[in-house]
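Trainee: Pasted the sequence and its predicted model underneath.
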Amino acid sequence: MNKMNVVAFQATSHVLGAATRSTQPDQALTVEDVVANGIVVRDTQNAGLQALIDKSHLMIALVDYDTRLLYRPQLFALTDDLRAEQQSDGAALAVVLDGISITVTLPLTTPSDIEVFVHLTGGALAEPALRAVPIPKASAVGMVSLVLGAGSYTVVILAPGYTPRIVTEPVP
């Protein structure tokens, strides 16, 4: 077995899970085969936080077998040539919800324009919300409008080049 399937967030290529199979290990699976109801992303810092990301935002890729992808998939992202590469620690990623906007702060300025994706659940939301937060070249901060009611939200931050981070953020 020299190949495996990984589940990745489509917009940023963050690896969220991995799957192997004993028969036909070198054939790609489909999203339906692996995560028909979406995938639960859990906090790696053992804070008990988790969020369900819908299958419509996911993709499957066939990559070289690497046991690290089974045990710690969140440390990796897919490259354009479908290799899984380790990312920088996302512990310093920050998000602020003020009820009218989402502000994302990266630990370093970006060398090019990027989009950070923020997945929100809880609070006053009846359904999860997903927003792209643009961060311009040579900046570390981006903002996008989103009206949110008061409450506590679980936020998954998916920033290119960084491991995903899950936090709770209150809206007053």
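Mentor: Yes, it's here. Keep in mind it's a predicted model, so treat the numbers as computed, not measured.
Trainee: how would you label the residue of the chain positioned farthest from its centre: helix, strand or coil?
Mentor: Seen from the C-alpha centroid of the chain, the residue lying at the greatest distance (CA atoms, centre = their mean) is Thr23, 29.2 Å away. Judged by DSSP: H, G, I helix; E, B strand; the rest coil, the three-state class of Thr23 is coil.
Trainee: Thr44 against Gln74, yeah?
Mentor: Yes - between Thr44 and Gln74 there is a contact at 5.9 Å, judged by CB atoms under 8 Å. Bear in mind the C-beta positions are built from the backbone N, C-alpha and C, glycine included.
Trainee: Compare neighbour counts for those two and give me the winner.
Mentor: Gln74 (20 against 16; other CB atoms under 10 Å).
Trainee: So the more buried one lies in a helix, does it not?
Mentor: Yes - judged by three-state DSSP, Gln74 forms part of a helix.
Trainee: Check which residues of stretch 28-37 are buried.
Mentor: Leu29, Val31, Val34, Val35 (16 or more other CB atoms under 10 Å).
Trainee: which residue ranges form the helices in the protein?
Mentor: Counting by DSSP state H, the segments of the chain that form helices are 31-35, 67-71.
Trainee: by contact count, what packs against the first one?
Mentor: In terms of contacts (3 or more CB pairs under 8 Å, 6 or more residues apart in numbering; DSSP states H and E), helix 31-35 is packed against strand 3-9, strand 15-19, strand 58-64.
Trainee: Apply 7 Å and report the result again.
Mentor: Helices and strands touching helix 31-35, by 3 or more CB pairs under 7 Å, 6 or more residues apart in numbering; DSSP states H and E, are strand 3-9, strand 58-64.
Trainee: domains in this structure, as residue ranges please.
Mentor: 3-86, 94-171 (automatic domain parsing).
Trainee: Just send the ones you listed back as JSON lines, with mean pLDDT too.
Mentor: Written out in JSON lines, the entries for those read as follows (pLDDT from 0 to 100):
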{"stretch": "domain 3-86", "mean pLDDT": "90"}
{"stretch": "domain 94-171", "mean pLDDT": "97"}
